[in-house]
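[1] Have a look; sequence and predicted model below, questions after that.
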Amino acid sequence: MARVFVVDDEPDMVDLLATILKSDGFQVETDTDGRSALARLLADPPDLVLLDLMMPDLDGMELLKLLRLDAKGASVPVLVVSARSGHQDQLGTLQLGANAYICKPFSPRELVRQVRQLLETPEAKTSA
Amino acid sequence: MRARRQVLLQTRIARHIAFAVVVSLVLSALVLVVFRHTSVRRNMERSARTYAQLISEPLANQVGFHGSSGKNVLDLQVTQLRELNDDIERLEIVDVRGRVVLRAEGGNVVLFGDGIDAPVITDRELLRAIDGLDPTAKQITEADGSDAYRVVAPVVKQWGEHVYSLVGTFTYANVDRQLRSSLWLSALILAIGLGLAHWVSVALAGGITRDVDRLRAGVLRIQEGRLEERVSINSRDEIQELADAFNLMADELVATIRQLRDANRELETLDQTKADLVANVSHELKTPLTALRGYLELMSEGGLGAVSDEASRAVMVCRKNVERLSLRVEELVQLSRLDRFTALDSAREDVDLRSVLESAIDTFRPRMEGSGMHFVLQVQPDLQTIEANPEQIERVFLNLLDNAVKFTPHGGTVLVFAESCDHERRQGVLVRIQDSGVGIPPTELIRIFDRFYQVDPSSRRRFGGMGLGLSLVRSIVEAHRGAVWAESEEDVGSTFFVWLPNRDFPSEAVGDGAPSVRLEEADVHRPAVGEA
């Protein structure tokens, strides 16, 4: 069972994401604080990270940068969940090493589709 | 260009001055020559007459006295008399019958005596003058064509005895020589005068244009943006007045520019603040909307356990309204972005209108099904792709469809057609969205694309929306160099037309009609969102 780690400062958002993912059969871990999330991610890298961009203290961009700097976090797929829909924002996060980007407000079906796609991609790559 | 104009002014003034000087010089030379010509000739003629009268008697006496014997003495006498006048050509003593008695011409003196070979004068007029008692004078033309002055002086003795007359012929040659030399002198003076006139006129013109040049340099400095520099001219004439006025104008210009710059900076800050505010508010709204949308969707799909029919209907209403709220928020975000970056070129790609229209229509399916409406989509099979920003183009059709759905009553139909169509001699694609709604009054048709405009203020309450949808449609379409317009008939329905140019339309066709495009957004390729 794939492990998905959700990082978002909004408890309601965390709750929703966890509910959606759990109902689709994923194992979900959550954190509402950037710093503690980073520590936990590096200590035990999950199969996928759902990352919010706008967070107090340590925001999503910074977290992503630090995650990619560490050998353990370098290859974890990251799906950015953000309210920013501009191309610049999307491009910026993709350049920092995010694997995909989903804009709020999204539909649960779309989220699940993207998560599945990201989890399958590495396998598809290695088998190819 | 500038240098030429400056030279022209000075040359023009110099030419005027030179012209005036030359005309006055030539006129005075002419007057001088004509006046001198006449006066010199009159002088010569007067002295010729006096001379002829004076020598007539002594000469005639010599003829009678010496007879034919004393030729040498006569020669001497005649020579002495001749020396008294330079203009003599010929002197003749003629008797009253016209017979020449003595002729002195050149160095020769011929005395004819009573000999038969004496020449006889036949000219009647001259004979009359010789016969007369009063001296006469006349200008004549000689056999060789030259002008001469002929004086006839009768020699009248004490008792009225008149036997001989003196006929003196005087030449104008000396006088003419004098005149010619004075003419040459005049020409020389004229030539020197012309040279002087040129020099003086150039110098004078330079004096006049120097201040003009200084003023012009001042204007050029302002033009170059050196706004603090001023022109200093102390000519106490119109040019100084002009310079003073110019300096005043420059002062005001500087003040105005400063004011404008300040005002502009303030506006820019304000605009930035506004845009940031709109963007931030929109982003803040999106997160709660996501939570709402997510849970509602989970509930209606049974992801959170069984829901009663009544609750399910309530959830559907919630979903519909969350959808509407999302649209509005997205509109705000798009609008604030459009205000800042009109350049949509940055994210252009080939867009298949069929799939855009299909996906836009799909968005409205849940709402349509609830109210018994249906869509008809007809797309020309070989429709060309257009070059556009797919997100923005989808926004255009979402807003137009939203409008059509909003105003179409229960059970109505919304027709969507897409076909190739030329517009203002450019190739492109025309999309028609036709509803069977309440329609729009003709007077309102032009204004519906204005920002925040709504046909009827009460429609805000009835149909929702902020009046941004159509203005956003227009902004996006115009940024794509397309056109949007509407036709409507009240209580029958409205048709909205969106024309977008084909991707291969020539760039020079981007004319005045196209909106100004500011290329502020970097030229980035649109990332394949959602695909790792």
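    Done, it's in.
[2] Could you pull out the helices in the chain for me?
    This is for chain A. According to DSSP state H, chain A carries its helices in the segments A:11-23, A:34-43, A:60-69, A:87-96, A:108-127.
[3] Actually, chain B is the one I wanted.
    Ranges of helices within chain B are B:2-66, B:71-82, B:124-131, B:173-223, B:238-300, B:309-340, B:353-370, B:390-407, B:459-463, B:469-479, based on DSSP H.
[4] Can you add distance to A:Gly34, mean neighbour count and mean pLDDT and give these back as JSON lines?
    (Each C-beta comes from the backbone N, C-alpha and C, glycine too.) Below are those laid out as JSON lines (distance: least, CB to CB, whole Å; neighbours: other CB atoms under 10 Å in any protein chain shown; pLDDT from 0 to 100):
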{"stretch": "helix B:2-66", "distance to A:Gly34": "65", "mean neighbour count": "15", "mean pLDDT": "81"}
{"stretch": "helix B:71-82", "distance to A:Gly34": "140", "mean neighbour count": "15", "mean pLDDT": "79"}
{"stretch": "helix B:124-131", "distance to A:Gly34": "141", "mean neighbour count": "16", "mean pLDDT": "88"}
{"stretch": "helix B:173-223", "distance to A:Gly34": "57", "mean neighbour count": "15", "mean pLDDT": "85"}
{"stretch": "helix B:238-300", "distance to A:Gly34": "16", "mean neighbour count": "15", "mean pLDDT": "87"}
{"stretch": "helix B:309-340", "distance to A:Gly34": "25", "mean neighbour count": "17", "mean pLDDT": "81"}
{"stretch": "helix B:353-370", "distance to A:Gly34": "34", "mean neighbour count": "16", "mean pLDDT": "84"}
{"stretch": "helix B:390-407", "distance to A:Gly34": "29", "mean neighbour count": "22", "mean pLDDT": "85"}
{"stretch": "helix B:459-463", "distance to A:Gly34": "42", "mean neighbour count": "12", "mean pLDDT": "47"}
{"stretch": "helix B:469-479", "distance to A:Gly34": "35", "mean neighbour count": "22", "mean pLDDT": "83"}
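[5] quick one, which of the ones you listed is nearest to chain A?
    helix B:238-300 (3.8 Å; CB to the nearest CB).
[6] that older thread, pipe the helices of chain A into JSON lines and attach mean pLDDT per row.
    Shown next, in JSON lines, are these (pLDDT from 0 to 100):
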{"stretch": "helix A:11-23", "mean pLDDT": "91"}
{"stretch": "helix A:34-43", "mean pLDDT": "92"}
{"stretch": "helix A:60-69", "mean pLDDT": "90"}
{"stretch": "helix A:87-96", "mean pLDDT": "79"}
{"stretch": "helix A:108-127", "mean pLDDT": "74"}
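[7] can you tell which of those is closest to B:Glu268?
    Nearest to B:Glu268, of all the helices of chain A, is helix A:87-96, at 20.0 Å by CB to CB.
[8] Distance from the chain centre to stretch B:298-309, please.
    Relative to the centre of its chain, stretch B:298-309 is centred 79 Å away, using CA atoms, centre = their mean, to the nearest Å.
[9] Does it reach chain A?
    Yes - residues of stretch B:298-309 are located near chain A by CB under 8 Å from any CB of the partner chain, namely B:298, B:303-304.
[10] now do stretch B:355-373
    No - applying CB under 8 Å from any CB, one finds stretch B:355-373 separated from chain A by no less than 10.6 Å.
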